[in-house]
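J.: For reference, the sequence and a predicted model appear below.
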Amino acid sequence: MTPPVTRRTLFGGAAAVSGASAAGASLAAPAQAAETPPDAAAPTAGTGGPTGDWTEAELRDRSRVLRLGFTEQEADAWLLVARAGAAFFALPQIHPSDTPDVVDALHVMQRILMQRPAYQQYRRWGEEEEGGPAS
């Protein structure tokens, strides 16, 4: 009999793909961002942003979100959210109710990132129609 597939199993596999070693680097990113001007902190394409080199799977995912209209920084944020989730689910489980809370938090961040290109286009169309920046 095959054991049931659970979110923990799926996220555990994602941790193996993404690499849980990114947890320490992603925790340092906010401090770095506060100390570095935005232009200096902006990574170049494919360099792995603030955490180092992206894996091949991450580069494929990054390419997909860039084609959707993500900026370079949004694409980095997208991958960092995935790495944070993988790192969390690689930790030993302390309480089972943490799992749905973390899954919900990750999905909220992913949803917000995913809607940004559509909202930016919506605002551009408004500016074009009105002849100035949309508020």
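T.: Structure's in. What do you need? Numbering: from 1, shown residues only.
J.: Please make it C-alpha for all contacts and neighbour counts, starting now.
T.: Fine.
J.: Residue 122: how many residues sit nearby?
T.: Look at residue 122: counted by other C-alpha atoms under 10 Å, it has 12 neighbours.
J.: For it, give me the pLDDT.
T.: If you check residue 122, the pLDDT there is 96.
J.: what's the helix or strand for it?
T.: Element membership for residue 122, per DSSP states H and E: helix 98-130.
J.: Now that helix: buried residues?
T.: Neighbour-count burial for helix 98-130 flags 99, 110, 113-114, 117 (criterion: 16 or more other C-alpha atoms under 10 Å).
J.: repeat for stretch 69-80
T.: By neighbour count on 16+ other C-alpha under 10 Å, the buried set for stretch 69-80 is 69-70, 72-80.
J.: Same check on stretch 56-72?
T.: By neighbour count on 16+ other C-alpha under 10 Å, the buried set for stretch 56-72 is 58-59, 62, 65-66, 69-70, 72.
J.: avg pLDDT for that stretch?
T.: Taken as a whole, stretch 56-72 carries a mean pLDDT of 96.
J.: Dump that stretch to CSV, restricted to CA.
T.: The C-alpha coordinates for stretch 56-72 follow below in CSV (Å, rounded to 0.1, in the frame of the first residue of the first chain):
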residue,chain,number,x,y,z
GLU,A,56,18.7,24.9,-12.6
ALA,A,57,15.1,24.4,-11.4
GLU,A,58,15.0,27.9,-9.9
LEU,A,59,16.4,29.4,-13.1
ARG,A,60,13.6,27.7,-15.1
ASP,A,61,11.0,29.0,-12.6
ARG,A,62,12.6,32.5,-12.7
SER,A,63,12.4,32.4,-16.5
ARG,A,64,8.7,31.6,-16.3
VAL,A,65,7.8,34.5,-13.9
LEU,A,66,9.9,36.9,-15.9
ARG,A,67,7.9,36.0,-19.0
LEU,A,68,4.8,36.8,-17.0
GLY,A,69,6.0,40.3,-16.5
PHE,A,70,7.9,40.1,-13.2
THR,A,71,10.7,42.5,-12.7
GLU,A,72,14.1,41.1,-11.9
